[in-house]
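Peer 1: Need coordinates for the below:
(4 chains)
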2 protein chains.
Amino acid sequence: MEEEGYRLQARVVKALAHPTRLQMLALLREGERCACEFGPLMELGQANVSQHLAVLRKAHLVDTRRDGVRVMYSLADERTSDVLDTLAHIARDQFAEAVAALEEVA
Amino acid sequence: MEEEGYRLQARVVKALAHPTRLQMLALLREGERCACEFGPLMELGQANVSQHLAVLRKAHLVDTRRDGVRVMYSLADERTSDVLDTLAHIARDQFAEAVAALEEVA
DNA sequence: ATACTATATTAGCATCTGCTAATATAGTGA
DNA sequence: TCACTATATTAGCAGATGCTAATATAGTAT
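Peer 2: You can find the predicted model right below:
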């Protein structure tokens, strides 16, 4: 039926599907940030930072504005925060369950 | 700092990052389903269905139980539904904005 | 203009993903 | 046991993704 809708959703999800980009979005939840901050904070090369930010831009997950020589990034949609929160909870609980299962063996 | 947490989150997100799997999860929101239902419903080959289900299983997004010769799949975590809902809304609004932008040109 | 900083883009390569076709495993019933 | 259905797994290939190094673009300041 509406297979097209899932294709659109998948485009957004794919943009989220990398630890670096998840961390970038987490940093942006604290507020607008200069592109130049991610490299030092996350120990990434300049090109790498720029490419990951480009993925987020193309998925319309972030907005940008120029401030002189710098480019400022911010979250485009507050609902992204909800998604990130829920995902974090799911992942945390999965981890806790895995630990519990391991302890049961020992 | 806790880069490991983002790696775990990304594992979950990657499992969501395909239109076929998004649609499978959407179908599972309606209730438990036999693996055999997805192929006919989504026009996919048997191996393809099984592989996508394996991705969802390995990410612990679905639970399975055997019922005779069939394997029944269900959502492992209700919070997945929230994520899917929010993603659907984000994607829908992005699409609406894109359409509006196009109409502005014309 | 030149020099400088910040970003973005490109090229090339290695790795990952997703598909189809083929094979293997598991349960059921004659 | 054999035959049958449902699932899962594997092999091989095509296409996507992510990285580094190099190059291009944009804005600022002298």
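
Peer 1: and the residue nearest to A:Asp67 when sequence neighbours are not counted, what are its bridge partners?
Peer 2: Among residues not flanking A:Asp67 along the chain, A:Cys34 sits closest, at 7.7 Å (Cβ to Cβ, 6 or more residues apart in numbering or on different chains). Glycine gets a C-beta too; all of them are placed from N, C-alpha and C. For A:Cys34, the beta-bridge partners under DSSP bridges are A:Met72.

Peer 1: correct me, but A:Cys34 touches A:Ser74?
Peer 2: No - with contacts counted by Cβ atoms under 8 Å, A:Cys34 stays clear of A:Ser74, the gap being 10.7 Å.

Peer 1: So the spatially most central residue of chain A versus DNA strand D, what's the distance?
Peer 2: In chain A, the centroid-proximal residue (Cα atoms, centre = their mean) is A:Leu22; its distance is 2.6 Å. Relative to DNA strand D, A:Leu22 is positioned 11 Å away (Cβ to the nearest atom of the strand, to the nearest Å).

Peer 1: How about that residue, nearest residue that isn't a chain neighbour?
Peer 2: A:Leu22 sits nearest to B:Tyr6 (Cβ to Cβ, 6+ apart), 4.5 Å away.

Peer 1: Against which helices or strands is the helix or strand harbouring that neighbour packed?
Peer 2: Here B:Tyr6 sits within helix B:3-16, counting by DSSP states H and E. Counting contacts by 3 or more Cβ pairs under 8 Å, 6 or more residues apart in numbering or on different chains; DSSP states H and E, helix B:3-16 is packed against helix A:3-16, helix A:19-29, helix A:79-105, helix B:19-29, helix B:46-58.

Peer 1: Nearest to B:Val12, out of those helices?
Peer 2: helix A:79-105 (5.4 Å; Cβ to Cβ).

Peer 1: Can you spell out which helices and strands pack onto that closest one?
Peer 2: Helix A:79-105 packs on helix A:19-29, helix B:3-16, helix B:79-105, going by 3+ Cβ pairs under 8 Å, 6+ apart.

Peer 1: Same list, these, but as CSV with mean pLDDT please.
Peer 2: Formatted as CSV, those follow (pLDDT from 0 to 100):
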stretch, mean pLDDT
helix A:19-29, 98
helix B:3-16, 95
helix B:79-105, 94
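
Peer 1: and the ones you listed as a markdown table, adding distance to B:Arg66?
Peer 2: As requested, the helices and strands packed on helix A:79-105 are exported to a markdown table (distance: least, Cβ to Cβ, whole Å):
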| stretch | distance to B:Arg66 |
| --- | --- |
| helix A:19-29 | 34 |
| helix B:3-16 | 22 |
| helix B:79-105 | 22 |
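
Peer 1: Could you point out which of these sits nearest DNA strand C?
Peer 2: helix B:3-16 (5.3 Å; Cβ to the nearest atom of the strand).
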